[in-house]
Structures are given as C-alpha cells and as structure tokens.
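Peer 1: Provided below are the primary sequence and the corresponding predicted coordinates.
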Amino acid sequence: MGSIQVSHLGFSLPGGQTLLDDVSFRVGDGEHVALVGANGAGKSTVMRLIAGSETPTTGTISVQGTLGVMTQLVGSLGASTTVRDLCLSLSDAELQDAAQRLERAEKQMADGSDDGMKYAKALDLWGGVGGYDAEVRWEECLHRVTGASWAEASDRSMATFSGGEQKRIALELLLRSDHDVLLLDEPDNFLDVPGKEWLAERIRNTPKSVLYVSHDRELLAESSQKVVTIEANGAWTHGESFTSWREAREHRLALISDEQKRWAEERKRLVNHMKEQKRRAAMSDANASRARAAETRLRHFDEKGAPRELAREQNIEMRLAGGRTGKRVVICEQLELSDLTFPFDLEIWFGERVAVVGRNGTGKSHFLRLLDGADVAHTGEWKHGARVVPGLFNQTHDHPELQGKQLIDILAARDLNRGPAMSRLRRYELNLAAEQTWETLSGGQQARFQILLLEIDGANLLLLDEPTDNLDVASAEALEAGLDIFEGTVVCVTHDRWFLRSFDRFIAFTDDADVIEVDDPAIAWSN
C-alpha cells in the first residue's frame, strides 16, 4: 500500500520569492499521476519536497509506504558513479548502511586491521537486510538493459553507458524494487521511442503508486490516470488522463475568469452602495448606522479575499530567421561513421525538415556533431553546400564555455547591449534569469537559451539533438511555430512522437548499421 498526501504546501526561494503557495493534492494507492506545468513552475521542487531533500515553508507532506526516487540527473551520471553506486542510491537506507559497513570491513581486511571478525559480521548484516536478494535483482535489471552480468559490470562507470541505458537501468531497478511509491522526475529523457513505449506500458501496469514529471505529450496521454498541474504558485487536479487535460484546463480558466468578473462586479456594487450611504449620512445623522453597515459589509467582503488568480499564459516567441543557402545543403558520399554505420549516400536540400530517427546508440548524435564540424571518426566524404551556417542544439546541454557566466554577459559577448539582450531574453521568458549563471538554470531554461543562441548566431542549418526533451508543452509548441517560419534547413534527432508530426522527411539509422530513407519513422524502431 502506498500513497502521497500533500496539504497546503508552501515554498519560498532563497531570495524570498514565493514559488509554491497552498499546494494540495493526493496520489492514491496504485494511482499513476502526472505532474505537469511550465518550466520553472516548481515541479522538481515539489518532487524534492516529497522526497525530503528540501524543507517546505508551510504545509505538510505524508507518504504511506516506502519511497523510491529518480532525479533528473539520471541519464548524465559521471565517471565517478559505478553501477553498484547507482543500485545502492536507489535502495532503502537500511541496505545502504549495510553496504557501507561491508565496504569498510573489506578495506580493513585488505590493510590487515581486521582479523576477519568485522568482515564476517558485515557479511551477516548484508544478508540479513536482503543484500544478496538485492544483488540478484540488480543483475537481472542490468542484464535486461545491457546484456552484461553483475560480475562484469558492477564496478563499471555509469558514464560508459548511454543516457538512455542509464535511464533504463534506473527505471528497471525502481519498477522491480520493493518500494510502494515512486517519484520519477522526467524519466523519459534520453529514451528512444521503444524506450518510451516500454516506459508507458510499465507505468500503466505497475501496482505501485507513481508520481512522475514529463513533457512528452504522447507518454502523458498513454500512461496518466490523473494530472496534477502546478501553475500560478498553486496546483489543481484533473481527475482523468492527459488526453483530456487541455480541454479541462481551458474550462477551468474560463470558470476562474467568470468568477473574477462576478467578484469585481459585486465589489463595485458594494463600494457604490457604501459611498451612497455615506453621502446620505452626511445629510442626516439618521443614516449613519446604514453607512457603518455598508462599510462593514465591504470590509468583510475584502477579508474573504479575491478569487484565485488566472495562470499567466506563457508567451514565448522564437524568431529563428535563418537565411538563404545553396540548393544542396548537405552532401554525403559513401560516408561511414566508424563502428556505427555502413557507408551511405545522402543529400539534404534547402528548406527541408529532416528527422533523424532510430534507436539509441545507432550514431544519430554523432552524425549531427559531424555536420556541425566536430571531430567524429568517419570515412568517405561529406560537405556543406554554399553559404551554410550550421548551429547545433546539444542534447546533454554540455556547454563548458558557458559555465560560470551570466546570461546577460553571454549575450554581451555576442555584441548585444543590455536593452536588446533583455528584449531577446523576454521573448524566451528568460528575462528574470538574466543574471543567473548557465549552470543554475533549469533544464528547460537551458534548452530555451540554446535556441536563443542559435537565433542570435544566425544559423541557417539547424542541427537539433532532442530539442524538446526538457521543454514544457508551451515551449515545445513555440519551437514548432518557430520552425514553421524558419528560412533554412532543419535536421533533427528526436524521439518525441508528437514533434515528429511536423517533419516531412525521415532518415533512419537502423540496428543493422544501415542509414536509409523511410516514409514511416516507426520502421526505424519496429525490429
């Protein structure tokens, strides 16, 4: 049995700004609930508050059952994290403590400070808390994703796995764990289409209670039973799947707007009534009590407070201007990505919208980096056409050149004075983050800023590697609108099935190392 009860939750940012106010919702036993909202609305903060890694300013959180947590960071783990480290991090505190004791005892055995007694006790504790059973489960999860055995890979760095493999390992561990409740923060990022389909099925079929954050509209429609929306510092619950969420939100906003209108009209009536009674009281003391009563009614009305505020609609405008190039934008002749593909020929023409599809690990991101001019091992020939200016959107947001720099300074280095820079940031709803450094931005903010840099740098060949992974619904729709009017060529790696509908040509990197053109992108992951 597992559930989450969030009651009147409030949270303020370090500067005092209110991020969450009076947030209440429930995840019932066995319910699968999506948590949605704009980038920066507080979704990940809500997850951290429930997990206990942040402390609320007000309100209470109650979790019934054991809790398993997956953060956004899974999918980009560094070299210092091993497979065993990941497995332990997703286990309960009792197992983690037993593992630490066992590790200390092993070191003491190795340096001769233990005659074996501590080690024997540590082994006994490890078995007593279910450590050996956990290792069997860990090996099963690892083998399902990578085919490797526990003996082969337990000390292997997680950085040697792709982002999708890291996510799949973590998800297998949590979904097969003994946890009653799961918190999954953007579990679909880095997953290819088969991985997203697998995740949707696993969420639908798990008996666990699940609260998860995602921006993938197909995944949300396929797997949610209920949707909690964080907006206007509060939260509201749609009791059905994401399929009908947009209509429900529009209906809710219409009701709030009508409620606000009626409230404003009633307050205006009370104010006018009070003024009239005061006017009459000035003419005759006999009307004084009526004037006081009118003032009291207005005061009581105001004390009850105004209706809920309408959520501010995002207004993101991406002006990806681009520019003319030669008719042929990319020419590949017997191009072979070393150890990834067989030789292939490919021509991409000006104005095309080309989606590069296929499973994780088939070479798609390598291909985009090559077209951006990176040193990617290959044979054969490739070149850009005349007047082509490529611009790469990096899936992992890996931009060491931006580390430690404020957004306003990054734009200043591109010859944008503060006024024009703030205007650009405002169009991307990044103006409030102007003096934040790159690494302090949320994933969605980093994604929007990357696109802004592509706009400023004048790229006319957009090389987009999973651009919608961290974008909220409004930002993804703004990107789609921006690409519609973009004068140039787009080559995009994406596993976003909703986003794929806006492309007119599909290049598939297959499991057999072939690179072929297909009419239906599903062919790329059907085998």
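Peer 2: Looks like it arrived, so ask away. Numbering: from 1, shown residues only.

Peer 1: what helices or strands is the longest helix seen in the chain leaning on?
Peer 2: Longest helix in the chain by number of residues, with DSSP state H as the criterion: helix 245-283. Using 3 or more C-beta pairs under 8 Å, 6 or more residues apart in numbering; DSSP states H and E as the contact criterion, the neighbours of helix 245-283 among helices and strands are strand 226-231, strand 234-238, helix 288-304. C-beta here means a position set from N, CA and C on the backbone, and glycine is covered the same way.

Peer 1: what comes up buried for that helix?
Peer 2: Within helix 245-283, the residues scored as buried using 16 or more other C-beta atoms under 10 Å are Trp245, Ala248, Arg249, Arg252, Ile256, Leu270, His273, Met274, Gln277, Lys278, Ala281.

Peer 1: so for it, what's the average pLDDT?
Peer 2: What helix 245-283 shows for mean pLDDT is 89.

Peer 1: that one vs strand 234-238, what angle?
Peer 2: Direction vectors for helix 245-283 and strand 234-238, defined by axes from the mean of the first three to the mean of the last three C-alpha atoms, to 10 degrees, enclose an angle of 130 degrees.

Peer 1: just to revisit the earlier point, could you say which of the helices and strands packed on helix 245-283 is packed most deeply?
Peer 2: When neighbours are counted by mean count of other C-beta atoms under 10 Å, the highest per-stretch mean among these falls to strand 226-231, a mean of 22.

Peer 1: and Gly2, how far from Val181?
Peer 2: In this view, Gly2 and Val181 are 4 Å apart by C-beta to C-beta, to the nearest Å.

Peer 1: oh, that last question was meant for Trp150, not what I typed.
Peer 2: Computed as C-beta to C-beta, the Trp150 to Val181 distance reads 27 Å.

Peer 1: who's more crowded, these two?
Peer 2: In this comparison of Trp150 against Val181, neighbours counted by other C-beta atoms under 10 Å, the higher total goes to Val181 at 22 against 17.

Peer 1: so that one sits against Met1, correct?
Peer 2: No: with contact defined as C-beta atoms under 8 Å, Val181 and Met1 do not form a contacting pair (9.5 Å).

Peer 1: any residues in contact with both of those two?
Peer 2: Taking C-beta atoms under 8 Å, 6 or more residues apart in numbering as the contact criterion, the residues that touch both Val181 and Met1 are Gln64, Gly65.

Peer 1: how about Lys24, secondary structure?
Peer 2: Slight slip there: residue 24 is Ser, not Lys. Per DSSP: H, G, I helix; E, B strand; the rest coil, the secondary structure class of Ser24 is strand.

Peer 1: could you list the low-pLDDT ranges of this protein?
Peer 2: 75-76, 78, 114-115, 310-314, 397, 524-527 (pLDDT under 70).

Peer 1: need the residues that contact stretch 511-527.
Peer 2: Surrounding stretch 511-527, the residues in contact under the criterion C-beta under 8 Å, 6+ apart are 192-194, 340-342, 344, 346, 355, 357-359, 362, 500, 505-510.

Peer 1: for it, the distance to its chain's centre please.
Peer 2: For stretch 511-527, the distance from its own C-alpha centre to the chain's C-alpha centre is 27 Å (C-alpha atoms, centre = their mean, to the nearest Å).

Peer 1: all further residue positions should be reported with the first residue as 13.
Peer 2: Will do, 13 is the new start, and the previous item becomes stretch 523-539.

Peer 1: mind saving the C-alpha coords of that stretch as CSV?
Peer 2: As requested, the backbone C-alpha atoms of stretch 523-539 are provided in CSV (Å, rounded to 0.1, in the frame of the first residue of the first chain):
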residue,chain,number,x,y,z
ASP,A,523,20.0,-1.6,-35.8
ASP,A,524,21.8,-3.2,-38.8
ALA,A,525,24.0,-0.1,-39.2
ASP,A,526,22.3,0.9,-42.4
VAL,A,527,21.3,4.6,-43.0
ILE,A,528,18.2,4.7,-45.2
GLU,A,529,15.3,7.0,-46.0
VAL,A,530,11.9,5.8,-44.9
ASP,A,531,8.3,7.0,-45.3
ASP,A,532,7.2,6.0,-41.8
PRO,A,533,9.6,6.7,-38.9
ALA,A,534,8.2,3.7,-36.9
ILE,A,535,10.2,1.5,-39.3
ALA,A,536,13.4,2.6,-37.5
TRP,A,537,12.4,1.0,-34.2
SER,A,538,10.0,-1.7,-35.3
ASN,A,539,12.6,-4.5,-35.2
